[in-house]
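J.: Coordinates only, no sequence provided:
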């Protein structure tokens with residue numbers, strides 16, 4: 001079954017809006033684990049506008065489930081944090097400084113040399129690597145040459161077009177996944193996946209190992225309860 005990693009950034013956003021420690025980001029991580037999530041994801045940014053670097057250190061010491069840290073490796077502060085904490089997986093995202101949310105994958109051809117070098121840094125430390133990519137066959141083939149263990153398919157395009165034409169929306173992702181499988185790359189996915197579109201995506205994309213979901217799951221948790229939301233997302237992956 002495809003694994004569910006809960007991105008807890010939005011808990012940190014809410015906490016930071018008032019100061020203090022309510023809601024507790026550490027508790028959000030521990031509860032995600034307790035409620036059945038297969039992993040916890042955080043995406044610290046240089047300005048620490050949601051997840052703080054101190055949060056990352058606390059979470060790594062406390063949880064037993066898989067820990068995934070996303071971020072832009074062009075920030076040395078991020079690289080140093082990952083090498084210090086040593087999560088199970090690091091997901092490399094080509095964000096610009098101050099970017100609200102991730103909105104594109106790596107150009108694995110243009111940035112091949114850079115990716116080869118930075119991926120080797122993390123792999124030499126025993127950390128599984130994944131890189132954010134669009135569902136483009138050329139970019140998938142380029143990803144293979146970087147030495148990454150996995151790719152994370154950027155799914156905003158699928159989510160945006162799901163309601164109008166789900167068959168067309170999934171087409172590129174199926175082709176991308178087949179190519180990744182041929183090349184021996186593990187497949188993760190994330191961005192705008194929710195209770196409406198997740199099940200279809202998981203059923204159609206071959207070899208999908210893990211999805212990382214934050215914004216939609218936390219929004220659903222407000223109405224449905226956190227434990228219930230985690231379990232509902234898990235059921236979509238069965």
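T.: That came in fine, so what should we check first? Only a predicted model underlies this, so the values are computations on that prediction, with no experimental measurement involved.

J.: so where do the helices sit in the chain?
T.: Ranges of helices in the chain, per DSSP state H, are 9-18, 25-34, 53-62, 76-85, 112-124, 137-146, 156-161, 166-183, 198-204, 215-224, 226-236.

J.: Quick check: which of those helices is buried the most?
T.: With neighbours taken as mean count of other Cβ atoms under 10 Å, these reach their highest mean count in helix 25-34, at a mean of 20. No exception for glycine: its C-beta is placed from N, CA and C like everyone else's.

J.: what does the average pLDDT come to for that one?
T.: Across helix 25-34, the average pLDDT comes to 98.

J.: Just list what that helix packs against, helices and strands only.
T.: With contacts taken as 3 or more Cβ pairs under 8 Å, 6 or more residues apart in numbering; DSSP states H and E, helix 25-34 sits against helix 9-18, strand 39-42, helix 53-62, helix 226-236.

J.: which parts of the second one are buried?
T.: Buried residues in strand 39-42, counted by 16 or more other Cβ atoms under 10 Å: 39, 40, 41, 42.

J.: what number of residues lie near the residue lying closest to the last one once chain neighbours are set aside?
T.: Going back to what we said before, that points to residue 42. With sequence-adjacent residues excluded and distances taken as Cβ to Cβ, 6 or more residues apart in numbering, residue 42 is closest to residue 51, at 4.6 Å. For residue 51, the count of nearby residues is 27 (other Cβ atoms under 10 Å).

J.: Grab the most central residue of this structure for me.
T.: residue 212 (4.3 Å; Cα atoms, centre = their mean).

J.: do you know how far that residue is from residue 120?
T.: Look at residue 212 and residue 120: by Cβ to Cβ, to the nearest Å, they are 23 Å apart.

J.: same check, this time on residue 90
T.: Per Cβ to Cβ, residue 90 is found 12 Å from residue 120.

J.: right, and residue 91 touches residue 133 too?
T.: No - counting by Cβ atoms under 8 Å, residue 91 sits too far from residue 133 to count as a contact (10.8 Å).

J.: residues shared between the contacts of these two?
T.: residue 152 (Cβ atoms under 8 Å, 6 or more residues apart in numbering).

J.: Identify all contacting residues around stretch 65-79.
T.: Outside stretch 65-79, the residues that reach it (Cβ under 8 Å, 6+ apart) are 3, 5, 7, 32-33, 37-46, 53, 56, 59-60, 81-82, 85, 87-95, 97, 102, 118, 121, 130, 132, 212.

J.: Now it: average pLDDT?
T.: 95.

J.: That one: which residues count as buried?
T.: Counting neighbours by 16+ other Cβ under 10 Å, one finds that the buried residues in stretch 65-79 are 65, 66, 67, 68, 69, 70, 71, 72, 73, 78, 79.

J.: Just put the buried residues of strand 39-42 in TSV and tack on distance to residue 150 and pLDDT.
T.: Below are the buried residues of strand 39-42 laid out as TSV (distance: Cβ to Cβ, whole Å; pLDDT from 0 to 100):
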residue	distance to residue 150	pLDDT
39	13	98
40	17	98
41	13	98
42	17	98
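
J.: Tell me the one of these nearest residue 166?
T.: The nearest member of the buried residues of strand 39-42 to residue 166, counting by Cβ to Cβ, is residue 41 at 25.5 Å.

J.: on that earlier part again, figure out which of the helices of the chain is closest to residue 191.
T.: Comparing the helices of the chain by Cβ to Cβ, helix 156-161 comes nearest, at 4.8 Å.
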